[in-house]
Structure formats: C-alpha cells, structure tokens
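Chemist: quick one, what's the 3D model for this:
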Amino acid sequence: MFKTVPRLVRSQGNLLKGIFGKGGEKEAVKHLTAEEQESLRKTLPSIRARESTQVQVPSESVTDFDDDIFENRIDQDSIRARGFLKYTQSYTPSNEVKNQVLKTASECLQKAGISSENVEQYKFVEGDNSLKFELINRLGKSIKHWPTNGKLLHLETVADVVKFYQEPVKNITKYTEMARDETKPKNVSIMEQAVRFHPEDTHMYHGGITAFPGSGGEVISLRQKRLLRQFQPKKEWFDYDDLTFDYSRPDKSMPWDPEVAKQMDKYTDKRYNLNTKQFTRIKQ
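Modeler: Residues are numbered from 1 along each chain as shown. Presented below is the predicted three-dimensional model:
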C-alpha cells in the first residue's frame, strides 16, 4: 500500500517546523518561495480533513485490480438472468467431468474412512450431510458450477452428482434462444431486445425527435438500469433551449452509483464496500 498524502507530509517534519515553527531549522525555508509557502498553508486544512474522515482498512482484506478488468465486455445474459432464472452463468460440461467427479468422491470417501470400491453407487447417509457438503464444495470450487438449494435434496448418490455435472446449463430464456437461432426460417423475424427511443440516436429513422414529448426516458427495473439508457425528457418550453436544458441523469439520486454498478457486472466473485470504497473478494 502506498503512503497517503498526510503521512508523506508528516514524514517531512523538519520542513513543517521550519515553515510554521519559531526558530527551528530555517534552512528548509530557503528552498520554498513565499508563494509556495502560502500554497502549502492553504492545502494543509483539506489534507487534515481528508485524514480525519479516512476509513482504515486492513491491507489483507483489500483486493487490488488492474485497469484491464474494467474494460472487459459486460455479460448481459448474466445480468438479465438475475432474479428469474435458476442459474446466472452458463455451464458447458467437459469430457472429463465424470472422471473428475468420481476421483473427488473417492478422495472424500477415503478421507472419511469409507471403502471407495463402488464409488458411483455410494448413497449419502440420510441426516448426515458432511460428506455431501465436502464433495459439492470441492467440485464447486474446481468446476465453478454449484447446484441450487432445490437440487441438493435430489442428490442422494454419487451417480446423481455425476449426472448433475454432465448436464449443460443455459442462462437465457427460450425466447432469446429462438431469437439467436440461425436455422429459423427466413420469413420469421424475432427481436431479442426492445428498441427504445433516445434523443442522442440521431442516426435512427426518428432523428432523435420523439412523438411523445414530455414523457418516457425512465427505466423502472434495477436490472434493466444496467443495460438500457435513460434520459431526462423535455417537459417545459424552456427545456428545448440547449442552454437551459438539464442533461443530468434521472437516477443521480439513487442509492447506488452507476459507474460502480458497471464495474460490479464484470465479475461475480467480488463485492463493492460503500464504507471502505474498495472491492473485496467474496468468500465461497
């Protein structure tokens, strides 16, 4: 972690004593002009105010990120799947997933002191979920795919776990799947996303002019706020003058920051803390 500005200023103790103290070492003052001294006097109150409001965070709990992680494409399918689909991430099983599940199950059984000759037909003890938890936990971390709470009840044997990890998962609806189908007839047209009016789309057929002035522009759903653009409609006559038109976003008073939301959509294993203003990794 880099030193903060207040710590850097405090480290130059002799310099500050020479400026603000009486007597002291005056040699440091010779290196600063009167304008530089006055500028430093005006800057110190703001530095001290920031230091008093700064939140101390343990360095081990903060995760540093490269600038490249924020430039990746946002997965719109995972955002749309939140709230009404079982899985937000798509999953395609590999060819070796069965051997991986059986190998992990054999290791868990040997660790528990149980014979692992017929691993696939082993049935979990009813009422004791420790072995099932150990198996699902290790497979979830390695394969990055977890069963839902409703699915856990039906995983009674290791064969059921193998069957679960062999089934592919899609995080899109049937409608989206039909819209993306390249084999559909040519006379069938399915729009995957709705076309919304925006005054900045002057290249469209409407030229940025709406047929319903004074209305529209707001996106209701929190999920869609991360995907669709909003605008402030012109309701009064003086709003049509560009000099007085309010271009501020209608969601500026919302409790979440749109820029932070865009960054959060690029990864799912980290969470933004409003108190510390940092991203921390979610413990699985």
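Chemist: which residues sit in contact with residue 231?
Modeler: By C-beta atoms under 8 Å, 6 or more residues apart in numbering, the residues touching residue 231 are 198-200, 217, 250. No exception for glycine: its C-beta is placed from N, CA and C like everyone else's.
Chemist: ok, those residues vs residue 149, which is closest?
Modeler: residue 250 (36.9 Å; C-beta to C-beta).
Chemist: any idea of the pLDDT on the closest one?
Modeler: Looking at residue 250, its pLDDT reads 63.
Chemist: now residue 284
Modeler: pLDDT for residue 284: 54.
Chemist: also residue 51?
Modeler: We have a pLDDT of 56 for residue 51.
Chemist: one step back: hmm, which of the contacts of residue 231 are the buried ones?
Modeler: By neighbour count, with 16 or more other C-beta atoms under 10 Å, the contacts of residue 231 hold 198, 217 as buried.
Chemist: which of the contacts of residue 231 fall in helices?
Modeler: Members of the contacts of residue 231 lying in helices (criterion: DSSP state H): none.
Chemist: only C-alpha atoms, please: export stretch 112-120 in CSV.
Modeler: This file holds the C-alpha atoms of stretch 112-120, laid out as CSV (Å, rounded to 0.1, in the frame of the first residue of the first chain):
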residue,chain,number,x,y,z
ALA,A,112,-13.9,-40.4,5.8
GLY,A,113,-12.6,-43.9,6.2
ILE,A,114,-15.2,-45.5,3.8
SER,A,115,-14.4,-48.1,1.2
SER,A,116,-14.3,-46.5,-2.3
GLU,A,117,-14.6,-49.6,-4.5
ASN,A,118,-18.0,-48.8,-6.0
VAL,A,119,-17.9,-45.0,-5.8
GLU,A,120,-20.7,-44.2,-8.3
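Chemist: against residue 230, how distant is the closest residue to residue 172 other than its chain neighbours?
Modeler: Excluding the flanking residues, the one nearest residue 172 by C-beta to C-beta, 6 or more residues apart in numbering is residue 77, at 5.5 Å. Using C-beta to C-beta, to the nearest Å, one gets 22 Å for the distance from residue 77 to residue 230.
Chemist: same question, residue 224
Modeler: When C-beta to C-beta is the yardstick, residue 224 and residue 230 sit 10 Å from each other.
Chemist: all helices for this structure, in order.
Modeler: In the chain, the helices defined using DSSP H lie at 5-11, 13-20, 34-53, 76-80, 97-111, 130-143, 149-152, 158-166, 174-179, 222-225, 258-264.
Chemist: now the ones you listed in TSV, with mean neighbour count?
Modeler: Listed next are the helices of the chain as TSV, based on neighbours: other C-beta atoms under 10 Å:
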stretch	mean neighbour count
helix 5-11	13
helix 13-20	15
helix 34-53	11
helix 76-80	17
helix 97-111	17
helix 130-143	15
helix 149-152	10
helix 158-166	18
helix 174-179	12
helix 222-225	15
helix 258-264	14
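Chemist: quick one: low-confidence parts of the stretch 51-200 of the chain?
Modeler: Along the stretch 51-200 of the chain, the model assigns pLDDT under 70 to residues 51-74.
Chemist: let's go with 80 and repeat that
Modeler: Regions of the stretch 51-200 of the chain meeting the criterion pLDDT under 80 cover residues 51-75, 82-84, 115-117, 127.
Chemist: okay but the residue nearest to residue 172 is in contact with residue 177, surely?
Modeler: No - between residue 77 and residue 177 no contact is recorded; they are 10.8 Å apart, counting by C-beta atoms under 8 Å.
Chemist: neighbours of the closest residue to residue 109 other than its chain neighbours, just the number please.
Modeler: Closest residue in space to residue 109, ignoring its immediate chain neighbours: residue 116 at 4.2 Å, by C-beta to C-beta, 6+ apart. By the measure other C-beta atoms under 10 Å, the count of residues near residue 116 is 16.
Chemist: could you check how far residue 116 is from residue 217?
Modeler: From residue 116 to residue 217 the distance is 62 Å (C-beta to C-beta).
Chemist: so residue 159 sits right up against residue 123, yeah?
Modeler: No - Residue 159 lies out of contact with residue 123 (C-beta under 8 Å); the separation is 9.2 Å.
Chemist: quick revisit: what's the residue nearest to residue 172 in contact with, if anything?
Modeler: By C-beta under 8 Å, 6+ apart, residue 77 lies in contact with 90, 171-172, 176.
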